[in-house]
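> Take this sequence and fold it.
(chains A and B)
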Amino acid sequence: MTSGRRPILEIVGLRTQFFLHEGTVTALDGIDLMVYEKEFVGIVGETGCGKSMTAFSILRLVPSPGKITAGYIFFMEPGEVRQRRMQLETEAKEWYKGQPLAEKKKLVAAHEFRDTGSGKKAKKMTPVEIDKIMPPEQAPTGVMRSYLADRAKTIPVTDKVGRDAALCSYDFLTKTFDQMRGVRGRSVSMIFQDPSTALDPVFTVAYQLGEVISLHQNLYDRAALDKKIEQMLQLVRIAAPKNVMRQYPHELSGGMKQRVMIALAISCSPALLIADEPTTALDVTIQAQILNLLRDLVRKTGSSMMLITHNLGVVAEVCDRICVMYAGRIVEDAETFELFANPRHPYTEGLLAAFPKLGERKDDLSVIRGTVPNLMKPFPGCAFVDRCDKAMEVCRKMRPSRVEVSPGHFVSCHLWTRGEDSDVG
Amino acid sequence: MNQARLSPRKRLNDTLTQWKMIGGFRQSVADFIERGSRNMMVVIGSTIIVTLIAFALLAPVLPIIDPTLQNPYEEGKGPSENHWFGTDTLGRDVFSRVIWGSRISLLVGTVAVLFSLLIGTSLGLTAGYFGGKIDYLISGTIDLFWTFPAFLLALALAAALGPSLSNVMLAISVSYWAGFARLVRGQALTVRERLFVEASRALGARNSRIMFTHVLPNCLAPLIVWASIGVADAITIESSLSFLGVGTQPPAASWGYMLYRGKTYIGEAPWIAAFPGIAILVAILGFNLLGDGLRDVLDPRLKGLRR
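This next block holds a predicted model:
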């Protein structure tokens, strides 16, 4: 199954928080996500659950008061480096576990900053904040990073794999802003929800496509550039590319604009394409066309795709694997068929039940009762507990860990972890 | 490098085909000229301005009377065959003075506005795009200049630096840039929040690139209009400065100065003030028409419209 394939993107424990005057909003709370080579992953969830924030975090474009405060985003990590890194991480975890509590506190105070992976000066945590996150069973990112960095010093320079592993060289969060800029558009590209605002209204289609291509491919010869642009537009199945090139975004229809947007995104054949609700702003007849186009194109270029949507129909049609997000966490992660056949998390069950079926007449559409929890209040337990029909005592107190209920099917729910977690809680 | 070896004809052909290319800068320029020539406002405005500039440049070679020549026998005479616009109180030919005056007025108007446009746009764009502390600093400076009446500041500066044409231009630019800066900042603040800015960042564009190729062009429309009004404003400020003795020094002529001097005799000899006044009016009209027209031409959404 998935084990033989190479992971393109590996997100581990990613946390993105917004520091506002009113308090801290945890938009992403420990996301674990894998995207394999040539895989289409769908991310599903309701509004405000952090789907788009995941995309922005990957590109490190989290808007201003927001910061990535923990986690790793490994991209295109070679297998040997990955293996080595895993070893080192276990080593670091063991070491951290062995430390007494006072020592742990000291470590956290010294190395855990409020934001990792930001170009700006990091802010040290106050003792109160440290007490809040203590005692973490898992080693915090900052401590891990510093341990690994120390460990890297003991690895000889000739051992490139070891050093790459210890220094997390393939982690987006260790990259500088300049390096990140090279990644965006070239290795990881993004398609936005609303094509009518994502294109600059004052430039022609040719100009905008030409800008991206010349920027990333150092192609400045106008004739060659024009030929390339025409090819791109043909690729996204625009009937009269020569005419469209000359046109401004407002002269195109919504579907056309989205095609141009797709052409922009895939113009440098990125390894990973993030599509943030690419069909939401389009009408239903165009939606299917655009989805098919996206699927065919991405298959052709051999890229992976991350499709963010709230439309279960869309993911069912296109994706190989689906991650269900709720309140900044990934609650269930399974192959498409498996997820629709055996939803394990109560939220997924509710979501599927709420999806009206064709030919079935219902007077009342079923809904999941209650509303999304306030992300400003930290919840120690499961985020879904207040809306869950199967909630238990333990759900309020402890955060469910991620378990594999069947091969490739991960769930974070106490219904499935009860047996394993009881000794810890 | 390669082009140097090609024959001139081949090179010309290459250039021509390049100009016909679909995307890129050249097509935009060709497009711009084509659309500009269809817009009546641009055509009229630029015709007026080009004519005025031609007169100003050709003033030394035109067969007109020396503007400083005083004729005691012809003091305050009305328009006649010899003096089309009449003569002023010292017997100088008003027509010739209007033409010579256009040199100073147009120069001051355009150069001062260009300078303040340059300062204002770069500062305003930086402030609006980056926000935060930079914005705070620049906005503070803008407000500082803004609270001070532009004319008073220009007067103080011109007086301090001593009366000369370049000082007048400097004084006007220094006192006038705040308006442009504030305008651009406001525009940039809204434009930077738009999705295409985010999109180009997600496609790997650097800050300077986004600033100049995406944010600035989207701020351009109000800026052009404001600049065309600014030219008129600068001409007026210059005339006021000259009137107060810190601008153009007599016997050199500038429109504003002539207007102010002629004001006293508006009852007996209206032509002394009227003709420079009309000249100012025509120049301002020209710049405003051009500005309005340019705004329409540069806005791709109005591309198909006929005016």
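> Name the next helix or strand following the helix or strand bottoming out on mean pLDDT in chain A along the chain.
Using mean pLDDT, DSSP states H and E, the weakest-scoring helix or strand in chain A turns out to be helix A:127-133, at a mean of 62. Once helix A:127-133 ends, the next helix or strand along the chain (criterion: DSSP states H and E) is helix A:141-154.
> Point out the other helices and strands that that next one packs with.
strand A:66-75, helix A:79-98, helix A:101-111, helix A:160-166 (3 or more Cβ pairs under 8 Å, 6 or more residues apart in numbering or on different chains; DSSP states H and E). To be clear about C-beta, it is placed using only N, CA and C from the backbone, and glycine gets the same treatment.
> buried sites along it?
A:141, A:142, A:143, A:144, A:145, A:147, A:148, A:151, A:152 (16 or more other Cβ atoms under 10 Å in any protein chain shown).
> nearest to residue A:316, of those residues?
Ranked by distance to residue A:316 (Cβ to Cβ), those are led by residue A:141 at 34.6 Å.
> Give me the pLDDT for the closest one.
For residue A:141, the pLDDT comes out at 76.
> So for it, what's the nearest residue that isn't a sequence neighbour?
residue A:70 (4.3 Å; Cβ to Cβ, 6 or more residues apart in numbering or on different chains).
> next one: residue A:14
Counting by Cβ to Cβ, 6+ apart, the residue nearest residue A:14 is residue A:71, at 3.5 Å.
> For that neighbour, give me its contacts.
Counting by Cβ atoms under 8 Å, 6 or more residues apart in numbering or on different chains, residue A:71 touches A:11, A:12, A:13, A:14, A:15, A:30, A:31, A:116, A:141, A:173.
> Mind pulling up the pLDDT for the first one?
As summarised for this prediction, residue A:11 has a pLDDT of 90.
> How many neighbouring residues does it have?
22 (other Cβ atoms under 10 Å in any protein chain shown).
> ok, it touching residue A:58?
Yes - between residue A:11 and residue A:58 there is a contact at 7.3 Å, judged by Cβ atoms under 8 Å.
> quick one: common contacting residues for these two?
residue A:73.
> Next up, the contacts around the residue nearest to residue A:141.
Applying Cβ under 8 Å, 6+ apart, the residues near residue A:70 are A:13, A:14, A:15, A:30, A:116, A:140, A:141, A:142.
> And the helices in the stretch 151-300 of chain B, which stretches?
B:165-191, B:195-202, B:207-209, B:216-243, B:255-263, B:270-298 (DSSP state H, counting those that start in this stretch).
> quick one: which of those is nearest residue B:140?
helix B:165-191 (11.2 Å).
> Briefly note if that closest one comes near chain A.
No - using Cβ under 8 Å from any Cβ of the partner chain, helix B:165-191 stays clear of chain A, with a minimum separation of 9.6 Å.
> Near chain B, which residues of the stretch 251-400 of chain A are found?
A:261, A:264, A:265.
> Report the buried members of the residues you listed.
Buried among those by 16+ other Cβ under 10 Å: A:261, A:264, A:265.
> tell me which element the first one falls in.
When you say that, I think you mean residue A:261. helix A:254-266.
> Verify the contact between residue B:242 and residue B:254 for me.
Yes - counting by Cβ under 8 Å, residue B:242 does reach residue B:254; the two are 5.5 Å apart.
> where in chain B is pLDDT low?
For chain B, the stretches with pLDDT under 70 are B:1-28, B:76, B:301-307.
> now with 50?
Residue ranges of chain B with pLDDT under 50: B:1-3, B:306-307.
> From the centre of it outward, give me the first residue you hit.
Taking Cα atoms, centre = their mean, the centroid of chain B lies closest to residue B:110, which sits 3.6 Å from it.
> circling back: output the residues of the stretch 251-400 of chain A next to chain B as a markdown table; include the columns pLDDT.
A markdown table is the format used below for those (pLDDT from 0 to 100):
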| residue | pLDDT |
| --- | --- |
| A:261 | 90 |
| A:264 | 88 |
| A:265 | 88 |
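> Could you pull up phi and psi at the residue nearest to the centre of chain B?
As for residue B:110, its main-chain torsions (degrees, to the nearest 10) stand at phi -80, psi -50.
> which residue ranges form the strands in the stretch 301-425 of chain A?
A:304-309, A:321-326, A:329-335, A:402-406, A:409-412 (DSSP state E, counting those that start in this stretch).
> Residue B:188 against residue B:123, yeah?
No - taking contacts as Cβ under 8 Å, residue B:188 lies outside contact range of residue B:123: 10.7 Å.
> of those two, who's got more company?
More crowded of residue B:188 and residue B:123, by other Cβ under 10 Å: residue B:188, with 26 against 23.
> Tell me how many other residues surround the residue of the stretch 101-250 of chain A found nearest chain B.
Across the stretch 101-250 of chain A, no residue is closer to chain B than residue A:206, which sits at 3.0 Å (Cβ to the nearest Cβ). Neighbour count for residue A:206, taken as other Cβ under 10 Å: 26.
> and the angle from the helix holding residue A:261 to helix B:195-202?
On the basis of axes from the mean of the first three to the mean of the last three Cα atoms, to 10 degrees, helix A:254-266 is oriented at 20 degrees to helix B:195-202.
> Pull out the buried positions in helix A:254-266.
A:255, A:256, A:257, A:258, A:259, A:260, A:261, A:262, A:263, A:264, A:265, A:266.
> Let me know the closest of those residues to chain B.
residue A:264 (6.4 Å).
> intersection of neighbour lists for residue B:242 and residue B:254?
residue B:248.
> need the residues of the stretch 151-300 of chain B near chain A, please.
B:194-196, B:198-206, B:209, B:213-214, B:217-218, B:220, B:298-300.
> mind running it again at 6 Å?
Proximity of the stretch 151-300 of chain B to chain A, by Cβ under 6 Å from any Cβ of the partner chain, involves residues B:195, B:196, B:199, B:202, B:203, B:204, B:206, B:214, B:217, B:218, B:300.
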